[in-house]
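Colleague: Fold the following, please.
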Amino acid sequence: MGHLDHAAFGWLTPVLSYLMACTGAALGLRCTVRALAATGRSRRNWLLTAASAIGTGIWTMHFVAMLGFRVSGTDIRYDVPLTIFSLVVAMAVVCAGVFAVGYSRDRNRALLLGGLTTGLGVASMHYLGMAAVRLHGDVTYRPLLVGLSVLIAVVAATAALWAGLNIKSPLAVTLASLVMGAAVSSMHYTGMLAVRVRVAPSGEVLPGATAMQFIFPLAVGLGSYLFLTSAFVALSPTAGEREASASAQRPVQSAAR
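Modeller: So this is what the prediction gives:
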């Protein structure tokens, strides 16, 4: 058995990955709040932004944490197409869950269905990401811990969608995002505790890209997207602010006439 180190850089990758998860959750919740107050094309656009934020946050959390993953006795590479596919899966399933809640008339049913779908999708993203790992040896999993990680993912996804429907104030969104970040991180590290690697030393060159060649630049790019989008959402007026501005302009226009 190879020795697994999940934090080769100390607390750097766990803390940074947690911040990515929190940022994605906070941005996604704020966009969902904006979407529920909007109609038509505006609602669709806010929901798309919410889905991309949450999906990006979850995926970035996973692979920033993977930057600290090491196995003694073997190098690690990543299958590039499969890694990108895991990102597409994360985006697609979160989008499905968010749109189900955003447009459904029966919110409770949509919440349960969306939470289940999104949670299973998040778990699929995690294990697709692990399937992209290339090393000298065989990777196996402890079924009980795998099941627990999937359960955490479903509960976390359902809680995130519930928060999007019921939490409105910025302070409440911030607190909810901290809890959601902890839930997503817990799902990841529970899944990683399920991993067992039997190393088979070999001199062959592993296929794929190293974490620093591929994962790190992509994570930095997606992390930048989260922070820039957060700034845009923070600076854009809410529906209430736009309505208040329009109301303030009406008396001025009437007086001008």
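Colleague: Tell me where the chain has helices.
Modeller: Here the chain has its helices, by DSSP state H, at 12-36, 40-66, 80-103, 107-131, 143-166, 170-193, 216-235, 239-256.
Colleague: right, so of these, which gets closest to residue 201?
Modeller: Closest to residue 201 of these is helix 107-131 (C-beta to C-beta; 21.2 Å). (C-beta placed from N, C-alpha, C; glycine too.)
Colleague: related to what we said a few turns ago, between the helices of the chain, which one is nearest to residue 203?
Modeller: Using C-beta to C-beta, the helices of the chain put helix 80-103 closest to residue 203, at 23.0 Å.
Colleague: what angle do the closest one and helix 12-36 make?
Modeller: Here the directions of helix 80-103 and helix 12-36 differ by 40 degrees (axes from the mean of the first three to the mean of the last three C-alpha atoms, to 10 degrees).
Colleague: how about helix 80-103: buried residues?
Modeller: 80, 82-83, 85-87, 89-91, 93-102 (16 or more other C-beta atoms under 10 Å).
Colleague: average pLDDT across that helix?
Modeller: Averaged across helix 80-103, the pLDDT comes to 87.
Colleague: Could you report the distance from residue 174 to residue 214?
Modeller: Look at residue 174 and residue 214: by C-beta to C-beta, to the nearest Å, they are 32 Å apart.
Colleague: do the same with residue 94
Modeller: Per C-beta to C-beta, residue 94 is found 22 Å from residue 214.
Colleague: Flag the shaky bits of the stretch 101-250 of the chain, pLDDT-wise.
Modeller: Scanning the stretch 101-250 of the chain for pLDDT under 70 picks out 234-235, 237-250.
Colleague: let's go with 50 and repeat that
Modeller: The model of the stretch 101-250 of the chain has pLDDT under 50 over residues 241, 244-246, 248.
Colleague: now the helices of the chain in JSON lines, with distance to residue 210?
Modeller: As requested, the helices of the chain are exported to JSON lines (distance: least, C-beta to C-beta, whole Å):
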{"stretch": "helix 12-36", "distance to residue 210": "15"}
{"stretch": "helix 40-66", "distance to residue 210": "12"}
{"stretch": "helix 80-103", "distance to residue 210": "11"}
{"stretch": "helix 107-131", "distance to residue 210": "15"}
{"stretch": "helix 143-166", "distance to residue 210": "26"}
{"stretch": "helix 170-193", "distance to residue 210": "19"}
{"stretch": "helix 216-235", "distance to residue 210": "9"}
{"stretch": "helix 239-256", "distance to residue 210": "46"}
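Colleague: Between these, which one is closest to residue 204.
Modeller: helix 80-103 (18.6 Å).
Colleague: Determine the set of other helices and strands touching that closest one.
Modeller: Packing partners of helix 80-103 (3 or more C-beta pairs under 8 Å, 6 or more residues apart in numbering; DSSP states H and E): helix 12-36, helix 40-66, helix 107-131, helix 143-166.
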